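Student: below is the sequence, then the predicted model.
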Amino acid sequence: MQCASGMSGLCKKTFSRCGVSDIFINMNVDDGIELFGVPHEELEDFFESIGERRFRARQVCKWIYGRGEFDFSRMTDLPAELRKKLSEISRITLLDAVEVARAEDGSAKFLFSDDENRFFEAVYIPDERKNKHTVCLSSQVGCKFGCKFCATGKMGFLKNLTSTEIIGQLHYVREYIRQGGNDLTNVVFMGMGEPCDNIDAVLDAISVIVSQFGFGLGHRRVLVSTVGIPEGIEAIMKSGLRPKLAISLNAPDQRKREKIMPVAKKYLIDELMKIVPEYARYSKRWVTFEYVMFRDFNDSLEDARELLRLIKNLPAKVNLIPFNPVAGVEFYPPDDRIVLRFQSYLLANSVVATIRRSKGRDVSGACGQLAGKYSLR
Ligand code: SAH
Ligand code: SF4
């Protein structure tokens, strides 16, 4: 990994000559050291590096994530001198939504931009019945993997989001949820981009989400959805963080998968299947296979049989997602009865299978419909 310290010889993170910094690569140090969306341990290192006690990190986090106070001068339990120092050498960068589109079903899509007009989105998905309030986050602007059915894939790749930008989305949408009298309960990495292709920033963000000094959510309330990049999944297992894992399978065999997901040629289905029991053991939870259903492509009983053959001995369940229309994509969702038939076949063969009824379709906020500002207009 490239490190900003390589340029000056002095680590921009710790002000010392040591380490590798991944969070300050893209920042202008003149603007100060970014403190928002940074894992707790790194914040502690930062305080130590400026000659302060490590517990200052906890105090600052309480202000930022607990009380929503971002002005150092008002962090009254910090010594006045430290408050002044922090204002001079550090910063907290929040996101402001450029546009909020509310869907009829209560979900909402939030459009954000970086300072170079690269747009990315988060989605709020309420489930009042279960009192579940989920935020779907983007990990990249665009995506490199070009799945044939996905709006994000069609726009190409623009950039990786930083953990500051990922947590910025979450903070903004959590405030929106609170204004409605509710609180955030779940986070899914199912927005724009491929989380395993930006895994360092995603893991930093997850560590803030599950930290008791951050958002305080349990690991099982965070879900990472991936096309199945083994290096990324292994990185999660090395990190000690235990989010739930969903793998976008979308086809019952190698040949069909390659037709709709170019990445399938690189990461073969058989290899992917080997990681599933490993991750289930590690996280102590079953893995989910997402299966987007396309009319007359992967929705027949023969497809269901193939799928069963592939996954029947794995600690995994299936989430069926009827295809959500994307402009310029020549696929159609199957009729409801066909989706139910597919589900029934799996259930009858002891595979746990659910159907995801996507929310937010009227604002193009459903799975696979996110394409930055293009989809809002
Ligand atoms: N890159 C990750 C996460 C973002 S996509 C991944 O691919 O898993 C999140 C989910 O939306 C994936 O399961 C993907 O298969 C699904 N998806 C993409 N386009 C879709 C569409 N048009 N209709 C329904 N689901 C779609
Ligand atoms: Fe990228 Fe996921 Fe869309 Fe494929 S489905 S193009 S991996 S965002």
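Tutor: Here it is on my side, so go on. Ligands and ions are numbered 1, 2, ... in the order given.

Student: isn't there a strand covering residue 289?
Tutor: Yes: under DSSP: H, G, I helix; E, B strand; the rest coil, residue 289 falls within a strand.

Student: quick one: it and ligand 2, what's the gap?
Tutor: 14 Å (C-beta to the nearest ligand atom, to the nearest Å). C-betas here are computed from N, CA, C, even on glycine.

Student: quick one: that residue and residue 317 touch, right?
Tutor: Yes: with contacts counted by C-beta atoms under 8 Å, residue 289 reaches residue 317, the gap being 7.3 Å.

Student: those two: who's more crowded?
Tutor: For residue 289 versus residue 317, the count of surrounding residues by other C-beta atoms under 10 Å is larger for residue 289: 25 against 16.

Student: not counting sequence-adjacent ones, nearest residue to that one?
Tutor: Among residues not flanking residue 289 along the chain, residue 249 sits closest, at 4.4 Å (C-beta to C-beta, 6 or more residues apart in numbering).

Student: that neighbour: neighbouring residues, count only.
Tutor: When neighbours are defined as other C-beta under 10 Å, residue 249 has 27 of them.

Student: what's near enough to touch it?
Tutor: Neighbour list for residue 249: 228, 257, 269, 272, 289, 290, 291, 307 [criterion: C-beta atoms under 8 Å, 6 or more residues apart in numbering].

Student: of these, closest to ligand 1?
Tutor: Using C-beta to the nearest ligand atom, residue 290 is the member of the contacts of residue 249 that lies nearest ligand 1, at 3.6 Å.

Student: residues contacting that closest one?
Tutor: Residues near residue 290 by C-beta under 8 Å, 6+ apart: 225, 246, 247, 248, 249, 250, 319, 321.

Student: wait, a helix at the second one?
Tutor: No: the assignment for residue 246, made by three-state DSSP, is strand rather than a helix.

Student: that one and residue 287, how far apart?
Tutor: 7 Å (C-beta to C-beta, to the nearest Å).

Student: in what helix or strand does the residue in the stretch 251-377 of the chain that ligand 1 sits nearest to lie?
Tutor: Nearest to ligand 1, among the residues of the stretch 251-377 of the chain, is residue 368, at 1.9 Å (C-beta to the nearest ligand atom). Counting by DSSP states H and E, no helix or strand carries residue 368.

Student: surely it is in contact with residue 154?
Tutor: No: assessed by C-beta under 8 Å, residue 368 is found out of contact with residue 154, at 10.0 Å.

Student: higher neighbour count, the two?
Tutor: residue 368 (23 against 19).

Student: skipping adjacent residues, who's closest to that one in space?
Tutor: With C-beta to C-beta, 6+ apart, the residue lying closest to residue 368 is residue 150, at 4.6 Å.

Student: count the residues that sit near that neighbour.
Tutor: Neighbour count of residue 150, defined by other C-beta under 10 Å: 26.

Student: now do the residue of the stretch 251-377 of the chain closest to ligand 1, the pLDDT please.
Tutor: pLDDT, residue 368: 73.
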